[in-house]
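Asks: sequence and predicted model, in that order:
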Amino acid sequence: MLEISHLIKRYGHDEPVLKGLDLRVEDNSVVAIVGASGAGKSTMLRCINRLVEPTSGSINLNGMELVALRGGALRRARRKIGMVFQGFNLIDRLTVMENVLAGRLGYVSLYQAISRRFPQADIERAFTLMERVGIAQYGNKRADELSGGERQRVGVVRALMQEPELLLADEPTASLDPRTSEQIMMLLQSLASELSLPVLINIHNVAQAKTYTERIVGLRHGKMIFDGAPDDFNKDALDAIYGGIEAPDDAIAESPAAAQGVGHDAT
Amino acid sequence: MTRPEAGAKAAPRTWRKPPFIANPLLRYGLLAVLVVYLVWAFGSLPFNWARIAEGLPRAGRIFGGGFPPSFERFDLLLTGFKESLQIAVLATLLGVLLSIPFAVMAARNVAPLPVYFLGRAVIILSRSFHPVIVAILFVAAVGFGPLAGILTLTLYSIGFVGKLLAEEIEEIDWGQVEAMKATGAGYFAILVYAVFPQILPRQVGLSMYQLDSNLRASAVVGIVGAGGIGGTLMNAFGRYDYAFAFAILLVIIAVILVSEGVSGWVRKKIW
Amino acid sequence: MVDQAGALADRVWKRYDRRERLIRYAVMLVTLMVVVWAVRDIDIFWPWVWDAPNQISSLGARMWPPDPSRLEEIVNAMIETVHIATLSTMLTIFIALPVAYIAAQNTTPNRACLWLGRFILVSSRSVNTIIWALLFVAIFGPGVLAGILAIMCRSVGFIGKLMGEAIEEIDRRPVEAMQATGASKLQVIAYAVVPQVMPAFFAIVILRWDINIRESTVLGLVGAGGIGVILQGSIDTFAWTTVATILIAIVVLVLIGEAITSLLRRKVI
């Protein structure tokens, strides 16, 4: 269980990006975090695995307080939190297999990492996961030879290699075309239930959030202003989250249309 | 162009290219500074005109004595070149290996501040001194011979490769580092997985370039006694054996052209 | 894990395939052989190598503290060093530009000129400044003239090569447009070539000036003027504390040079 309470993040002396955020995520649930650019979604996610240092507040994962961790303890906590990135963040010049095995870096020794002598169990897990998401045939290809959707699958597998207790996905579909991003969202959804893994997904696309997640959290100006089931996420909530903010056009324009599309699919 | 008598009162329509420096004060000021500088520089430099006047006949004698170049003492030339090559190879290997830790130390994004200053200081210091000066100091410290040459060129390589590599590290895609951090990888594992793959092509290219560069430099550090062909050349000049000196020069030019070609070819292949 | 080993036998993963590994091993082997040959064959007395750190630190100890008593002399020699670098860079321009012009494929008058230009550039670049200085000291005697000429001879190749490349990279269309107006060859250069290569020209000259400052600090070691003369004298008389002062002065000069260069780059380009 992830429990965030009164999380504040302030860069320098500017206005805080996160203004006292409280969030509880039960095990085995997929949560979408929606909000305009600059609402603090990405900062919140990065505070959880401490890629961004929170200014104050508490983040508790399965009974462990994450905010106070330092050095080795922080690294051991991080390996329990997988992360999927918007830009995939693969090591372009390494092969797909090396990228996938890089998910084990928190577990293996430096010598094993440098000599690529990963334990056989890790390699087995890598093959299994790669087969599960359909990229096993690319094992010895360089990561930069893959298409966007395949690259994100590598990113997902790398995160799962960590045997995470929590999966963070920061705009995992924003760099992908609509079809591929549906596939990735579906993959995240089904992986979450297969592995009974709580997943937090930052997402711009409200329609996808409603389709593939069980709970939607809306952020605006660093505050939570919506928290509820996808069905309760109506036009008012959308306006509250995106309304009156600069350049939300795509979010507003695309979501009603997309929402209709989803509605058709459902019927 | 202006014809005031043509139009009664119409303003004459002249055009001139706007000057390169718009402010006239600055323009003429700079010109004056330049003239004053030239007068000062030429006036203050000690030219020994009497000795310089002897130059032309001496040049005639030197080139006359130098042609045709003599390859009689080919053994000596070969030994000198072999030593230069060995110095260059060993110094490149040591320098390139050592440049990696120094580059990491001197890259602001991966090194903590005190370490960064240390790394920067080492690189700035080793870049400030011309290899020949460093060579003199090493010759004074460890004696004549190729050891001084290797130490010199190792330091030279650390300075050059380290600086460019540090700049390369500062420009890497940070997302890959973040991804590795998120897996819980330690500092060195992050370096090995997220940083080194990104700078590897640059590192290989720089190594080839540095090998070429060290080969050139190894020809001159010998002039101050740090081993290699430079010492042979210096001796030939000292004994007024210009025919042999020109033979050495020709071979140096040839070797440098070949090494430049090879290094360029390898870099193009790897890139 | 051990009991699974049999079942997992077919699931091996290797970083490189067979051919890649062969190539890697071959490259490593060749490198290793060259290094072993170099280490075994080189004329080094190994006990000296292990003693080198001691020797170096003892030399460092002898240099401390730097002796400022000859500071005035050193500063004057520094100014001389800067003069050599500056004057030779300025004079080089007058030679390097015509050479660049004939060595650039798109502006060269004919093939003979092209090869002449390339020959000048290659021979200039292949001979190090110090070796040029050696030659000019033999001809004109010790002094700053030899130094200026040496640096010029080396700089012609540098500036000429880079300018030639800049000329080759210009946009052809303005040249055609100027030719279409019936402009003469020199007019075409003045209107279509010069404006395009002007930024590159300043960048290259400033870069070379920076390099020349460093180069002119060593000219004196072969008698060609500048700070190197005093440096050599101090080393010959084992005046290590003076050597330390000179070294500090050189670092300061190089840093000032770099500051001026970056200032000029920002102002001019």
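Replies: Sure, I can see it. Numbering: from 1, shown residues only, chains lettered A, B, ... in the order given.

Asks: from here on, just use CA atoms for contacts and neighbour counts.
Replies: Will do.

Asks: tell me the pLDDT at residue 230?
Replies: Here I'm looking at chain A. Reported pLDDT at residue A:230 in the predicted model: 88.

Asks: looking at chain C here, not the other one
Replies: Reading off the model, residue C:230 has pLDDT 90.

Asks: neighbours of it, just the number please.
Replies: Counted with other CA atoms under 10 Å in any protein chain shown, the neighbours of residue C:230 add up to 21.

Asks: now the helix or strand containing it: buried residues?
Replies: When elements are defined using DSSP states H and E, residue C:230 is found to belong to helix C:227-236. Of the residues in helix C:227-236, those scored as buried under the neighbour-count criterion (16 or more other CA atoms under 10 Å in any protein chain shown) are C:227-232, C:234-235.

Asks: and those residues as CSV, adding distance to chain B?
Replies: What follows is the buried residues of helix C:227-236, written out as CSV (distance: CA to the nearest CA, whole Å):
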residue, distance to chain B
C:227, 11
C:228, 9
C:229, 12
C:230, 12
C:231, 9
C:232, 9
C:234, 12
C:235, 8
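
Asks: off-centre distance for the helix holding residue C:230?
Replies: From the chain centre to the centre of helix C:227-236 is a distance of 22 Å (CA atoms, centre = their mean, to the nearest Å).

Asks: for that helix, packing partners?
Replies: Packing partners of helix C:227-236 (3 or more CA pairs under 8 Å, 6 or more residues apart in numbering or on different chains; DSSP states H and E): helix C:71-103, helix C:240-268.

Asks: close to chain A: what parts of chain B are there?
Replies: Contacts of chain B with chain A, taken as CA under 8 Å from any CA of the partner chain, map to B:175-176, B:178-186, B:188-189, B:192-194, B:197-198.

Asks: returning to that earlier point: show residues contacting the helix holding residue C:230.
Replies: By CA atoms under 8 Å, 6 or more residues apart in numbering or on different chains, the residues outside helix C:227-236 that reach it are C:74, C:77-78, C:80-81, C:216-223, C:240, C:242-243, C:246.

Asks: list the buried residues for stretch A:43-60?
Replies: A:43-50, A:53-54, A:56-60.

Asks: what about whatever residue of the stretch 151-267 of chain A ends up closest to chain B, neighbour count?
Replies: When scored by CA to the nearest CA, the stretch 151-267 of chain A has residue A:162 as its residue closest to chain B, at 6.6 Å. As a burial measure, residue A:162 scores 28 neighbours (other CA under 10 Å).

Asks: same thing with residue B:16?
Replies: Burial of residue B:16 is recorded as 5 neighbouring residues (other CA under 10 Å).

Asks: remind me, longest helix of chain B?
Replies: When chain B is parsed with DSSP state H, its longest helix is helix B:74-105.

Asks: hmm, back to that, the residues of chain B next to chain A, buried ones only, as a PyMOL selection?
Replies: PyMOL command restricting the residues of chain B next to chain A to the buried ones, with burial defined by 16+ other CA under 10 Å:
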select buried, chain B and resi 175+176+178+179+180+181+182+183+184+185+186+189+193+194+197+198
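
Asks: from the residues of chain B next to chain A, which land in helices?
Replies: With helices defined by DSSP H, the entries of those inside them are B:175-176, B:178-182, B:188-189, B:197-198.

Asks: adding pLDDT and distance to residue A:107, write those residues out as TSV.
Replies: Converted to TSV, these look like this (pLDDT from 0 to 100; distance: CA to CA, whole Å):
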residue	pLDDT	distance to residue A:107
B:175	89	21
B:176	90	18
B:178	91	17
B:179	91	15
B:180	91	12
B:181	90	13
B:182	90	13
B:188	90	13
B:189	90	11
B:197	89	21
B:198	89	23
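
Asks: quick one on the thing from earlier: wait, the residue of the stretch 151-267 of chain A closest to chain B sits on residue A:108?
Replies: No: the pair residue A:162 / residue A:108 is not scored as a contact, 11.1 Å apart, by CA atoms under 8 Å.

Asks: not counting its neighbours along the chain, what's nearest residue C:80?
Replies: Using CA to CA, 6 or more residues apart in numbering or on different chains and skipping residues adjacent in sequence, the residue nearest residue C:80 is residue C:226, 5.4 Å away.

Asks: tell me the phi and psi of the one you found?
Replies: The main-chain torsion angles of residue C:226 are listed as degrees, to the nearest 10 and equal phi 90, psi -170.

Asks: related to what we said a few turns ago, from the residues of chain B next to chain A, which are also near chain C?
Replies: Counting by CA under 8 Å from any CA, no member of these is near chain C.

Asks: what residues does chain C have near chain B?
Replies: C:35, C:38-39, C:42-44, C:48-49, C:52, C:55-56, C:59, C:80, C:83, C:87, C:123, C:126-128, C:130-131, C:134, C:138-141, C:143-145, C:214-215, C:217-218, C:250-251, C:254-255.

Asks: buried among those residues? Make that a ChimeraX selection.
Replies: Buried residues among the residues of chain C next to chain B (16+ other CA under 10 Å), as a ChimeraX selection:
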select /C:35,38,42,44,52,55,56,59,80,83,87,123,126,127,128,130,131,134,138,139,140,141,143,144,145,214,215,217,218,250,251,254,255
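
Asks: quick one: which of the residues of chain C next to chain B sit in helices?
Replies: Using DSSP H, the members of the residues of chain C next to chain B that fall within helices are C:35, C:38-39, C:48-49, C:52, C:55-56, C:59, C:80, C:83, C:87, C:123, C:126, C:130-131, C:134, C:138-140, C:144-145, C:214-215, C:250-251, C:254-255.

Asks: what residues does the stretch 151-267 of chain A put near chain B?
Replies: When proximity is defined as CA under 8 Å from any CA, the stretch 151-267 of chain A approaches chain B at A:159, A:162.

Asks: I am finished for the moment; much appreciated.
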